[in-house]
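J.: Quick one, structure for this:
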Amino acid sequence: MLQTPLYQVHLDSGARMVDFAGWSMPLLYTSLLEEHVWTRQNIGLFDVSHMGRLEVNGPAAVETLESLCTRTIMDLPINSTRYCLMCNDQGGILDDLMVSRLEPEKYYVVCNAGNREKIIDHIEANLKTSATLVDRTLQTAMLALQGPKVAMLLSKLIPGPLAELTHRKVFVDKLMGIPVMIFRGGYTGEDGFEVVLPAYVASMAWAQLLSLNLNDGPVVKPAGLGARDTLRLEAALPLYGHELTEQIDPLTAKLDFAVDFDHDFIGKEALEKIRQSGPSQLRIGLKMQTRRTARQGSKILSNGRQVGTITSGAFTPTASASIAQAYIQSDLAQVGKTVKIQFNNDLEDAEIVPLPFYKRTK
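T.: Sure thing, here's the model as predicted:
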């Protein structure tokens, strides 16, 4: 099993470790509830070093990515990031990822941990002449600072360009002689920054970030994968292996914004057919009328027949309800409609509600 550069730090902190996509990762440090609430109110610090970090370089780097990504890459400004998908020939999602342009011929791709080898193979199989691919995952660490106070903290810590960085922009520089890349964004529904730095300084950076105070009080605490999952669920962000798979296309997943049909890419022809006919299913949000958690794979029933399937579910603190994402027949995907969720031999009511379940106010 792979270990991030912070593995020993997590053990020393008493984290509960789990196997996630072949990596030993912290599920929680204190409790999922505490870490979730702290991130919504202050700043949660997450180790996301398991995410794949790939460089695509060279004169044909943009042509390579343009042919693979559902969104146009050609017009991506330097030091900017774009959420993209890579699809198979049938339009199924191979992965969702972030593509950043760092230099005219240098691109940085962040993909999901469980899909790293698959995406590496996919890019290599489609590399244009004079383009190269380099896997930087094991040489670097990636930390995520997430929460409403993060911009305030960084503006005091490092005033200037970093504090003024806008959403989906990238800061590339050296801090105290150490090369860093900082992306404005995250996976919690909160404001945030994701920091990539050399693996050998990860433990020092982690300790320094946890020691930071704001208004003479602690503001940063570690958070694990458990809180990251409930936070992203409230924000209705899709998770690969749950809302996204090779059998699900971007239009069914309601990720239409991430598909640009004005350029050629693998899977475009299949997606055009789906766009013309309309998806047979759609991703929806559900709010249970009980505190019971609808688990992945639970059946959704209407008039006694199955019409959909749960993909993610949890009772979450901010929503103060049992919520879920799911796929349902598109003709039944109407906000306000009530359906039944199967729990073994029991049925429970759930209402289709707008997504996201939670949205920050500023």
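J.: What segments of the stretch 1-150 of the chain are strands?
T.: With strands called from DSSP state E, counting those that start in this stretch, the stretch 1-150 of the chain shows them at 2-3, 16-20, 23-28, 43-47, 52-57, 80-87, 93-103, 106-111, 132-135, 140-146.
J.: quick one: buried residues of the very next helix or strand once past the last one?
T.: Towards the C-terminus, the helix or strand next in line after strand 140-146, according to DSSP states H and E, is helix 150-157. Applying a neighbour-count criterion of 16 or more other Cβ atoms under 10 Å, the buried positions in helix 150-157 are Val150, Ala151, Met152, Leu153, Leu154. (C-beta placed from N, C-alpha, C; glycine too.)
J.: what does stretch 297-307 give?
T.: Buried residues in stretch 297-307, defined by neighbour count with 16+ other Cβ under 10 Å: Ser298, Lys299, Ile300, Val307.
J.: And the strands in the stretch 251-362 of the chain?
T.: Ranges of strands in the stretch 251-362 of the chain, per DSSP E, counting those that start in this stretch, are 281-288, 299-302, 305-316, 321-329, 338-343, 346-353.
J.: Can you tell me what sits against the fourth one?
T.: Contact with strand 321-329 is made by 233-234, 236, 238, 242-243, 248, 252, 280-288, 290-294, 300, 307-316, 339, 341, 350, 352-353, 355, 357, as judged by Cβ atoms under 8 Å, 6 or more residues apart in numbering.
J.: The same query, at a cut-off of 6 Å, please.
T.: 243, 281, 283-284, 286-288, 291, 293-294, 300, 307-313, 315-316, 357 (Cβ atoms under 6 Å, 6 or more residues apart in numbering).
J.: Please apply the same query to stretch 147-157.
T.: So stretch 147-157 is in contact with Thr39, Asn42, Ile43, Gly44, Leu162, Ala163, Glu190, Asp191, Gly192, Leu214, Val219, going by Cβ under 6 Å, 6+ apart.
J.: give the contact list for the residue nearest to the spatial centre of the chain.
T.: Centroid check for the chain by Cα atoms, centre = their mean gives Tyr187 as the closest residue, at 4.7 Å. Neighbouring residues of Tyr187 by Cβ under 6 Å, 6+ apart: Arg232, Leu237.
J.: pLDDT of stretch 9-22, averaged?
T.: The average pLDDT within stretch 9-22 is 97.
J.: Quick check: buried residues in it?
T.: Within stretch 9-22, the residues scored as buried using 16+ other Cβ under 10 Å are Val9, His10, Ala15, Arg16, Met17, Phe20, Ala21.
J.: surely the second one meets Pro26?
T.: Yes - contact criterion Cβ atoms under 6 Å: His10 and Pro26 qualify, at 4.5 Å.
J.: could you point out where the stretch 151-300 of the chain is predicted with low confidence?
T.: Along the stretch 151-300 of the chain, no part satisfies pLDDT under 70.
J.: Now do the end-to-end distance for stretch 271-284.
T.: Start-to-end span of stretch 271-284 (Cα to Cα, to the nearest Å) is 20 Å.
J.: Contacts for it, please.
T.: The set of residues external to stretch 271-284 that reach it, using Cβ under 6 Å, 6+ apart, is Gly91, Asp249, Leu251, Thr252, Ala253, Lys254, Ala326, Tyr327, Ile328, Ser330, Ala333, Ile352.
J.: Please produce JSON lines containing the residues you listed, extended by neighbour count and distance to Val201.
T.: Converted to JSON lines, those look like this (neighbours: other Cβ atoms under 10 Å; distance: Cβ to Cβ, whole Å):
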{"residue": "Gly91", "neighbour count": "25", "distance to Val201": "41"}
{"residue": "Asp249", "neighbour count": "26", "distance to Val201": "41"}
{"residue": "Leu251", "neighbour count": "18", "distance to Val201": "42"}
{"residue": "Thr252", "neighbour count": "23", "distance to Val201": "42"}
{"residue": "Ala253", "neighbour count": "23", "distance to Val201": "37"}
{"residue": "Lys254", "neighbour count": "17", "distance to Val201": "39"}
{"residue": "Ala326", "neighbour count": "28", "distance to Val201": "42"}
{"residue": "Tyr327", "neighbour count": "22", "distance to Val201": "42"}
{"residue": "Ile328", "neighbour count": "23", "distance to Val201": "47"}
{"residue": "Ser330", "neighbour count": "14", "distance to Val201": "49"}
{"residue": "Ala333", "neighbour count": "19", "distance to Val201": "47"}
{"residue": "Ile352", "neighbour count": "21", "distance to Val201": "47"}
